[in-house]
Structure formats: C-alpha cells, structure tokens
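Asker: Sequence isn't available, so here's the structure alone:
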C-alpha cells in the first residue's frame, strides 16, 4: 500500500452555483492535500450537497477543479470517487453485492455466468473494508453500515485522487457511523487520496477531521475543528456546542 | 422460409403448428418473448412500468401523424414518433419537480387524444382500431425477419450496456463519477424500448403490450436473488406464457394476446405467493 505523499493538491477554485435567480453557493475555494480529511459542516440547506454535486459535475456551476502534482508542478486529470448517501435499492431486489460491484467494474454482463476472476477480485477489494462476507448477500438486505462499506469499496476501486463522501443520515446507527469514520480514517492514512466528507455529526468530526469547513452559501470559517468550533461564526449557526 | 417451415415440422410435429400462420406466430413469439423479458427486468428495476405503458399508447399518435404526412409505412412513423415521445418525456422528467407519474400521465393523455382526434377526423380510425388488441396470427414472414434483426441488435446492446444501465439505475451520480455517460445511456435505453414496442405493437396490441414487458420480469423478481436468475426466470416465464398461450388460443378459440397475458398474470400471482418462502 502506498502511503499519502502529501504532494498532490486538489484545488477547488471559485465554485458558484445559481439556480434561477437564487444564489446557492458563492465563491467557494478549497485546497486539499492528499492524506487529508476535510469535513464540510453547515446547517440544513447551507449548500453542502450542492457543493458536492458541483464538484462531481452533476450541476451547472462556475469555477473549476484542478489537480496539481507538486513534485513536478504539473496539472493532471483528476479522478473523483463518490460515496452517495443512499442508493436506489429495495428489499428483495434481485441484486447481490457481487452483481453491484461487478457492474461498476466490468462490461461483462452480470446476467451471464459469474466470472471467478472478477469474483475473487471483488472479494479482495471488499476485504479492505471488512466486508468480504457480504459478497453473496442481496443488496436490499444489507444494514446501513454494511451498505456503506460496499459503497466505499466501489468508490475506491480504482483509487481516486479525490474521494467525496456524503455521510448517511438515515438507516445507520450511531455505532455504524463511528465505524464508517474509522474506515475513512484508515483509508486516509494508508492510501494516497484526499477526502472531502459532508457531515451531519459534529462530535465525530471533531475527532477525525484534519480540517473543518463551515459552509453557509459561502465559506464562513475554516481551520482545525478546534478553531472552527470556537469561532463566533460557528456559534451563530449552531449555537454554543453542548457538552456531551 | 420453406426450410424453416420444414424444420419446424420435423422438430415439432404438432397439430397446432400445421398451418403456416401458426408457424409464423410461433416464431414471432419465440423472438418477442425473450426480448420483452430482458428489457422488462430493467424497466421494473427503474420503476418505469407507467412510462412504457404511455409509450405504447403513443403508437396511435404516431400512425395518425404518419397519415397526415402521407408516410405509407406505419412502422416508420410509429417508431419515429415513439422515439421523440420517449426522449422528450425523459427530458421533461429530469427538469421538473413534479412526480414522474403526473408528467407521464399528461404526456400519455395528450398522445392518445391527438391520435384519436386525427384518425377520426381523417376517417381512418376503423382501419387502425385493430392495433388496440393486435393479432399475432397475421404476422408475415418478412415481418418476422425484421423482428429477428431487432432481436440481434437488442441482444448486442444488452450484452455491452447492461452493467452500465444497472449502475445508472443504482445511483446516477455514482455512475457518472465512474465515467458513465448517464444521459446518453438513459436515452438509448428508452429509444430501444420505443423501437421494440412499436415493432411488436401490431401483434400484441396497444392495450396489452405493457403487460408483456412488465409481468415476466415482475414475476421473476418475486422469486430470485441475483441478476442471473432474475434474467433466466423472466425469459422462461415469458416464453412459457407465450407458447402455451398460443397453443391454448388455438384449441379454445380465444385471441392469442389476451391468452398470453392471462397466463403471465397467473404466473405472477403464483410467484407472489411463493415470495416469502423463497426469499427468507
């Protein structure tokens, strides 16, 4: 496994989004180095998901994203991985974890015979997130935490330069969220990847984030969790952080 | 053609296949059933049942507009209109915040109304009213060839694109992050459905065509756990109800289309009852 070298920088430059006349995001600038976990927090409707969509190129926006290799100062094509909050599955859906992973990996139709090579490869990839025993399970029967592991597997193979995570808000318990953060943290420490996470859990953010960005249409405050949580901007958005 | 008939006589020397119109119908069903079954798997997964229903209804409008422009070949005007209809519907669906069912209903009602109005006005409604129920027994050899070509094209499309379609179905944003061109694929899929539905509508009928797309896949979905068995059982159910439906319609003097759909419906209810036993 290749450790993060800290020499790759993802620059999100001047992202603005307007829908109709309404301004959703204004001049958002973020620089992220590999091996860093940047967490975006903000109240509901602050534009967190919109920012993710803009970075993914899902919605129209101004500004751009560049990826710079600082060892030789060249700009490279960026590969973005994405872990959505949820996916379109139902209980009893005839799709196994193998089916789902294989569709993202190969064009060999998953409605024909299983390919033992691909099966072994997927199992190997799932193992990184401790999910290899799920491979033959139906996706509709997975718990929220299990599904999140499978989605992490899909998003990180092949390994992206920038990994975007939309933290699940429902269908996953407190403990599941904690495991999720630990997996992300492990990934950050062991692989050469930058991570942006949109979070709804302020407690865990404090523990794992290298940098916190408080968003409300624009960046109100950024820095370490300590700095952001003690700022007056934070208090005006969330009120004083209650002690638990 | 003759060799094909002789081959059928040799392999399946049954009384119901002694007439050539029955041989033709049999071949048509062998071609249509598997195509409809495999397309149906994704239509059901994507909750597009209402969409494909509306698409079938647009057939009349296609014919009507064709008669205005003097296009002699109904197939061409129907297919062209259905493609425009499907792609437009797809676009509107993405742009609006209404429920998709409302938008589809609006499109579907307008399409039927315009079709009926034009056909009645030009006095050609009676000529085309047979499209409502369809008649697989009147299919000709040339039309079977067209269906066979369509079947090959769809099989190739399904072979190379199914995994990507499945990714889009699971989560479009995730699919896009993996470099899949979501919009193109989405449109390609509805265009393929439009072509298949329009090529088969004269044999199955506007009123029943959607059940052929939905019922085999929905039945299979009840009792299967992965994509392989999902496809396999959808195709089996579709072929079984098609062939048995044809045979029963021959001996009991019931129209073929309704007979096939009644059988598919029966299979659906049986699988529905088996659901909990198989899945848990």
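Answerer: Great, that's in hand. Quick caveat, the model's predicted, so the values are computed rather than measured. Residues are numbered from 1 along each chain as shown, chains lettered A, B, ... in the order given.
Asker: which residues of the chain score low on pLDDT?
Answerer: Let's take chain A. A:1-6, A:169-171, A:240-244 (pLDDT under 70).
Asker: think we crossed wires, I meant chain B
Answerer: By pLDDT under 70, the weakly predicted segments of chain B are B:97-98, B:279-280.
Asker: and the nearest residue to residue A:54 once chain neighbours are set aside, how many neighbours?
Answerer: Excluding the flanking residues, the one nearest residue A:54 by C-beta to C-beta, 6 or more residues apart in numbering or on different chains is residue A:61, at 4.0 Å. Where C-beta positions appear, they are placed from N, C-alpha and C, glycine not excepted. Number of residues near residue A:61 (other C-beta atoms under 10 Å in any protein chain shown) recorded here: 21.
Asker: is it true that residue A:61 touches residue A:15?
Answerer: Yes - with contact defined as C-beta atoms under 8 Å, residue A:61 counts as touching residue A:15 (5.6 Å).
Asker: between those two, what contacts are shared?
Answerer: Jointly contacting residue A:61 and residue A:15 under the rule C-beta atoms under 8 Å, 6 or more residues apart in numbering or on different chains are A:25, A:54.
Asker: ok, the residue nearest to residue A:54 - contacts?
Answerer: Contacts of residue A:61 (C-beta under 8 Å, 6+ apart): A:15-17, A:25, A:54.
Asker: One more: residue B:226?
Answerer: A:94-96, A:98-99, A:138.
Asker: Backbone torsions only: list them for it.
Answerer: phi -140, psi 170 (degrees, to the nearest 10).
Asker: now the residue nearest to it when sequence neighbours are not counted: how far from residue A:110?
Answerer: Spatial nearest neighbour of residue B:226, excluding adjacent residues (C-beta to C-beta, 6+ apart): residue A:96 at 4.6 Å. Remark: distance between residue A:96 and residue A:110 (C-beta to C-beta, to the nearest Å) = 9 Å.
Asker: do residue A:143 as well
Answerer: 23 Å.
Asker: out of those two, which sits in the busier spot?
Answerer: residue A:110 (27 against 13).
Asker: Check the secondary structure at the more buried one for me.
Answerer: Of the three states, residue A:110 takes coil under DSSP: H, G, I helix; E, B strand; the rest coil.
Asker: ok, now how distant is it from residue B:126?
Answerer: Taken as C-beta to C-beta, the span from residue A:110 to residue B:126 is 48 Å.
Asker: returning to what we had before: residues near the residue nearest to residue B:226, how many?
Answerer: 23.
Asker: tell me the contacts of it?
Answerer: Residue A:96 makes contact with A:135-139, B:225-227 under the criterion C-beta under 8 Å, 6+ apart.
Asker: Serialize the residues you listed to TSV and add fields for secondary structure.
Answerer: TSV is the format used below for the contacts of residue A:96 (three-state DSSP):
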residue	secondary structure
A:135	coil
A:136	coil
A:137	coil
A:138	strand
A:139	helix
B:225	coil
B:226	coil
B:227	helix
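Asker: ok, of those, which come out buried?
Answerer: A:135, A:137-139, B:225-227 (16 or more other C-beta atoms under 10 Å in any protein chain shown).
Asker: Identify, from these, the entry nearest to residue B:68.
Answerer: The closest of the buried ones among the contacts of residue A:96 to residue B:68 turns out to be residue B:227 (C-beta to C-beta; 44.1 Å).
Asker: Is it correct that that closest one is in contact with residue A:113?
Answerer: No - with contact defined as C-beta under 8 Å, residue B:227 does not count as touching residue A:113 (11.1 Å).
Asker: follow-up on the earlier one: of the contacts of residue B:226, closest to residue B:246?
Answerer: residue A:94 (28.0 Å).
Asker: you'd agree the closest one is up against residue B:230?
Answerer: Yes - counting by C-beta under 8 Å, residue A:94 does reach residue B:230; the two are 3.9 Å apart.
Asker: Spit out the residues that contact the two alike.
Answerer: Counting by C-beta under 8 Å, 6+ apart, the residues touching both residue A:94 and residue B:230 are B:220-221, B:224.
Asker: what subset of the residues you listed is also close to chain A?
Answerer: Filtering the shared contacts of residue A:94 and residue B:230 for neighbours of chain A using C-beta under 8 Å from any C-beta of the partner chain leaves B:220-221, B:224.
Asker: Kindly reformat those as CSV containing secondary structure and neighbour count.
Answerer: Formatted as CSV, those follow (DSSP: H, G, I helix; E, B strand; the rest coil; neighbours: other C-beta atoms under 10 Å in any protein chain shown):
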residue, secondary structure, neighbour count
B:220, helix, 27
B:221, helix, 22
B:224, coil, 24
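Asker: Between those residues, which sits nearest chain A?
Answerer: Of all those, residue B:224 has the smallest distance to chain A: 4.3 Å, by C-beta to the nearest C-beta.
Asker: Quick check on the closest one: phi, psi?
Answerer: The phi/psi pair for residue B:224 (degrees, to the nearest 10) reads phi -120, psi 160.
Asker: Could you tell me which residues make contact with it?
Answerer: Counting by C-beta under 8 Å, 6+ apart, residue B:224 touches A:94, B:230, B:232-233.
Asker: from those, which would you call buried?
Answerer: Members of the contacts of residue B:224 classed as buried by 16+ other C-beta under 10 Å are A:94, B:230, B:233.
Asker: For residue B:108, which non-adjacent residue is closest in space?
Answerer: Nearest non-adjacent residue to residue B:108, counting by C-beta to C-beta, 6+ apart: residue B:54, 3.6 Å away.
Asker: Can you point out the helix or strand that includes that neighbour?
Answerer: Element membership of residue B:54, judged by DSSP states H and E, is helix B:49-68.
Asker: what's the closest non-adjacent residue to residue B:135?
Answerer: Per C-beta to C-beta, 6+ apart, closest to residue B:135 is residue B:203, 6.8 Å.
Asker: Spit out the contact partners of that neighbour.
Answerer: B:28, B:32, B:134-136, B:138-139, B:257 are the contacts of residue B:203 under C-beta under 8 Å, 6+ apart.
Asker: Could you provide those in JSON lines, with additional columns for neighbour count?
Answerer: Below are the contacts of residue B:203 laid out as JSON lines (neighbours: other C-beta atoms under 10 Å in any protein chain shown):
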{"residue": "B:28", "neighbour count": "24"}
{"residue": "B:32", "neighbour count": "27"}
{"residue": "B:134", "neighbour count": "23"}
{"residue": "B:135", "neighbour count": "16"}
{"residue": "B:136", "neighbour count": "26"}
{"residue": "B:138", "neighbour count": "13"}
{"residue": "B:139", "neighbour count": "22"}
{"residue": "B:257", "neighbour count": "23"}
